[in-house]
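In: sequence and predicted structure are below.
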Number of protein chains: 2
Amino acid sequence: MTKSLADLRKDAASILEAGLEAADPERAVKASVRLEGEMLVVGPDYRLDLRGVDRVFIVGGGKASAPMGKAVEDLLGDRITGGVICVKYGHGLDLRRTRVTEGAHPIPDAAGERAARDIIALLESAGERDLVISCISGGGSALLPCVPPGITLQEKQDITGRLLAVGADIYEINAVRKHLSVTKGGNLARFAFPAHVINLMLSDVAGDATDTIASGPFVPDGSTFEQVLGILEKYNLTATVPESILSRLRSGARGEIPETPKEGDTIFEKVKNVIVGSNFLSLSAGEARAVNLGYETILLSSAIEGDTSEAAGFHAAIAHEVRSTGKPVPSPACILSGGETTVVLKGNGKGGRNQHFALSLVEKASRISCSVFLSAGTDGTDGPTDAAGAIVDTDTGARARQLGMDPDDYLRRNDSYNFFQPLGDLIMTGPTRTNVMDVRICLVG
Amino acid sequence: MTKSLADLRKDAASILEAGLEAADPERAVKASVRLEGEMLVVGPDYRLDLRGVDRVFIVGGGKASAPMGKAVEDLLGDRITGGVICVKYGHGLDLRRTRVTEGAHPIPDAAGERAARDIIALLESAGERDLVISCISGGGSALLPCVPPGITLQEKQDITGRLLAVGADIYEINAVRKHLSVTKGGNLARFAFPAHVINLMLSDVAGDATDTIASGPFVPDGSTFEQVLGILEKYNLTATVPESILSRLRSGARGEIPETPKEGDTIFEKVKNVIVGSNFLSLSAGEARAVNLGYETILLSSAIEGDTSEAAGFHAAIAHEVRSTGKPVPSPACILSGGETTVVLKGNGKGGRNQHFALSLVEKASRISCSVFLSAGTDGTDGPTDAAGAIVDTDTGARARQLGMDPDDYLRRNDSYNFFQPLGDLIMTGPTRTNVMDVRICLVG
């Protein structure tokens, strides 16, 4: 099959569309949860007979949690007793049975903490014949904050900030945060027990570790108080951490405070964790679409991080290989990847990492005949712009020069938005109210 | 098939071995050139009846060109009339019919220029019933320098250095160099015409563009004098370039000096260019071995460049995906890549880019169960060390900590050699007398 550049551009848009559909919170929940008579079926292998269920509660937190809750309400209607979901300010949605509250993100506030306490109370009221359906999405960690007695939200934020500053990795930061929380690290499962819990997650983290998505409120935690003390020591923070935090951690290490719930704990026996949407699932949907469009398709990885220009170079190297040797797959080829890269800002132009990715590929694409590269944020906004990303192809460089634009110059000034706008090559989706990180699509015809 | 970590390590070594064998200059030539009776067969589709050939000459330049010439002599024996090959100092080899000279690399010297002039004289003496077999390998550009009258080698080096300093890309630098040369950019083909030419190339350049390998002495050139003047102007070098160079370029642009030979020129009608060894061919040999060992194998790209740590992260992201979702291929999986990355030196430790690649993966590998990553330079020397590279696996981090070593600390000091040596995880091949850049092997069992 021969594909023209115009075909490739159309196909790239179609593949992105498939990926975005898979990440849509409502669609994602509906694709994973269904009713078969009185049987609630979740994913490929979980079935719960609703005749054994008295009440159904919806809880949740995260930017996309309201439409997730809506999908559950659409499915279960009057079976829902009630619920509480906390979303980011401006992301609210009126649900019929579930109270949707709004809180601050990414810096948590008291509104979020109130929602967390309401959820805890609701979970505590649930009995063994009750079902809790949890709708968790990116931002859920900040939107359901709840610190243990004696520690303030501010103190917790301070220590998180300091860990970030000294270069602690995400595993270390999460270990600390979970041990300074009443909700995170499986703690909500403790309150919900012995009710049934179906925890639906829309993942915005690379690798989709369930204990990382919104800090895993219903997921066993692998870290310990002792490790947390070790982390503070490693970064020489022990001396400057508030006494309130230190004494809690030390009590925990001595076994005076219960650990975060661990794998194998009975409280997880009735918990079903399901990822309903994720970068991988969006890439998989894109892969299916690409195969359907006739492409030899490779889903490279949903967890590509690192520097944006470097990532662009890797993708170009693979596309180049397709063109010159037919490896890793022959053309027409589709290489898909996801994750979230970072941009080192050097100029004060306008853009985002997806547009920067595309801009980094202008010259390289011009040397790979019949090639197209598209990168877009699934949330529909790339950096502080109204675009989700951009698309670049073999001819982009030539078209830019006709308009008097030098790609290198725009790269240096981090001004990708103003490069792609006159070319009509911005990807505009509008806000999608979801986030499963970025999707990159490389096509070689 | 289940593979243990020990299996993976053994298999990685075997896959590397297959790659190195394919890059061996003698083997590579013998794999591509053979005699069928009186018929000289080169690659899949070129056949030359030696009964129509009076004399056979061998010419060549590059670090690996002597063993390439030896392979040709082994094959054609007394049919060889004579020849000249220029290798790097210390890389000489006594051949029976071909004079092997030595010259300076990477900064050319008069010895190289003498060899180039001898080759030109030999090519000019060749008639239409003669055959020239050229053995070109990495470094051939510096080892066969020949500037046009009125320009000095020093002047040419100066302008190359200045182009590098202002950030000109390799295409631009090559365009300039070819237009200041009597040998490069297809010029040797002009001297060889009307003889038959079989140009055997061992490629050390990413992408294997034949016009780039040793600056393509027998390959049509796509650049022009006019473009070269444009490049000097682009980087504001026109005013500071010596008059000798500028006047040559301007004469060329006015058509007073012949252009470098172009695609379609009759002088290329009897020229057969064949890549006998390359990073891609080594990866392909590794791929065949991996498939044989039972791996689902992907040859990602032979042209991965950029920052070494970033490249490491990229490979880890793919290995992680294999482990968690079975994409891009299910385990046991083998991901192969090649090319040459760069290391930003921050410390004054001992190491090379391949060892740095492996060291960058210690923590990441520890989070991907049953994974192995190997990176090695095909020339057998990685940076200023006696190792070709290093191997890292899921357990390396734990083993290092038992020895009191912190990988991050060694990374910061660029001291990868001293990290891997006590672990016994350096890859030692000894000098291989070839170079097709680096090979990276990622296995997930």
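Out: Great, that's in hand. Numbering: from 1, shown residues only, chains lettered A, B, ... in the order given.
In: what parts of the stretch 251-400 of chain A come near chain B?
Out: Proximity of the stretch 251-400 of chain A to chain B (CB under 8 Å from any CB of the partner chain) is limited to residues A:280, A:298-307, A:310-311, A:313-314, A:317-318, A:320-321, A:324-325, A:327-328, A:339. Just so you know, the C-beta spots here come from the backbone N, C-alpha and C atoms, and that holds for glycine as well.
In: where does A:Val219 sit: helix, strand or coil?
Out: When the structure is split into helix, strand and coil by DSSP: H, G, I helix; E, B strand; the rest coil, A:Val219 lands in coil.
In: so it sits against A:Asp211, correct?
Out: Yes. At 4.4 Å, A:Val219 counts as touching A:Asp211 under the criterion of CB atoms under 8 Å.
In: the more surrounded of the two?
Out: Applying other CB atoms under 10 Å in any protein chain shown to A:Val219 and A:Asp211 shows that A:Val219 carries more neighbours, namely 27 against 24.
In: over to the more buried one: give its phi and psi.
Out: Dihedral angles of A:Val219 (phi, psi; degrees, to the nearest 10) stand at phi -120, psi 140.
In: also A:Thr240?
Out: In this entry, A:Thr240 is assigned phi and psi values of phi -100, psi 0 (degrees, to the nearest 10).
In: okay, now the nearest residue to it once chain neighbours are set aside: neighbour count?
Out: Among residues not flanking A:Thr240 along the chain, A:Arg162 sits closest, at 7.5 Å (CB to CB, 6 or more residues apart in numbering or on different chains). Other residues near A:Arg162 come to 16 when the count uses other CB under 10 Å.
In: domain ranges for chain A?
Out: Taking automatic domain parsing as the reference, chain A has its domains at A:5-18+A:280-444, A:25-278.
In: now list whatever residues contact both of A:Val219 and A:Asp211.
Out: Here A:Val219 and A:Asp211 have A:185-186 as joint contacts, going by CB atoms under 8 Å, 6 or more residues apart in numbering or on different chains.
In: mind checking which helix or strand the residue nearest to A:Thr240 is in?
Out: In this structure, A:Arg162 is located in helix A:153-165 according to DSSP states H and E.
In: show the subsequent helix or strand relative to that helix.
Out: Next in sequence after helix A:153-165, counting helices and strands by DSSP H and E, comes helix A:170-178.
In: tilt between that following helix and helix A:153-165?
Out: 170 degrees (axes from the mean of the first three to the mean of the last three CA atoms, to 10 degrees).
In: show me what helix A:170-178 is packed against.
Out: In terms of contacts (3 or more CB pairs under 8 Å, 6 or more residues apart in numbering or on different chains; DSSP states H and E), helix A:170-178 is packed against helix A:153-165, helix A:225-234.
In: flag every buried residue along the helix holding A:Arg162.
Out: Counting neighbours by 16 or more other CB atoms under 10 Å in any protein chain shown, one finds that the buried residues in helix A:153-165 are A:153, A:155-157, A:159-160, A:162-163.
In: now stretch A:140-151
Out: Burial within stretch A:140-151, assessed by neighbour count using 16+ other CB under 10 Å, is assigned to A:140-148, A:151.
In: just put the domains of chain A in a markdown table and tack on mean pLDDT.
Out: Rendered in a markdown table, the data for the domains of chain A read as follows (pLDDT from 0 to 100):
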| stretch | mean pLDDT |
| --- | --- |
| domain A:5-18+A:280-444 | 97 |
| domain A:25-278 | 95 |
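In: which of those sits most buried?
Out: Mean neighbour counts were compared across these using mean count of other CB atoms under 10 Å in any protein chain shown; the top stretch is domain A:5-18+A:280-444, at a mean of 22.
In: straight-line length of that domain, end to end?
Out: 9 Å (CA to CA, to the nearest Å).
In: go on, stretch A:144-160?
Out: End-to-end for stretch A:144-160, by CA to CA: 16 Å.
In: list the contacts of it.
Out: Residues outside stretch A:144-160 that contact it (CB under 8 Å, 6+ apart) are A:61, A:86, A:107-110, A:112-113, A:115-117, A:119-120, A:173, A:176-177, A:180-183, A:214, A:217, A:237, A:241-242, A:244-245, A:248.
In: picking up where we left off before, so which of the helices and strands packed on helix A:170-178 gets nearest A:Leu443?
Out: Using CB to CB as the criterion, the shortest distance between A:Leu443 and the helices and strands packed on helix A:170-178 is 37.1 Å, found for helix A:153-165.
In: tell me what angle that closest one forms with helix A:225-234.
Out: Going by the same axes, to 10 degrees, helix A:153-165 makes 60 degrees with helix A:225-234.
In: so what's the gap between helix A:153-165 and the chain middle?
Out: Taking the mean of its C-alpha atoms, helix A:153-165 sits 22 Å from the chain's own mean (CA atoms, centre = their mean, to the nearest Å).
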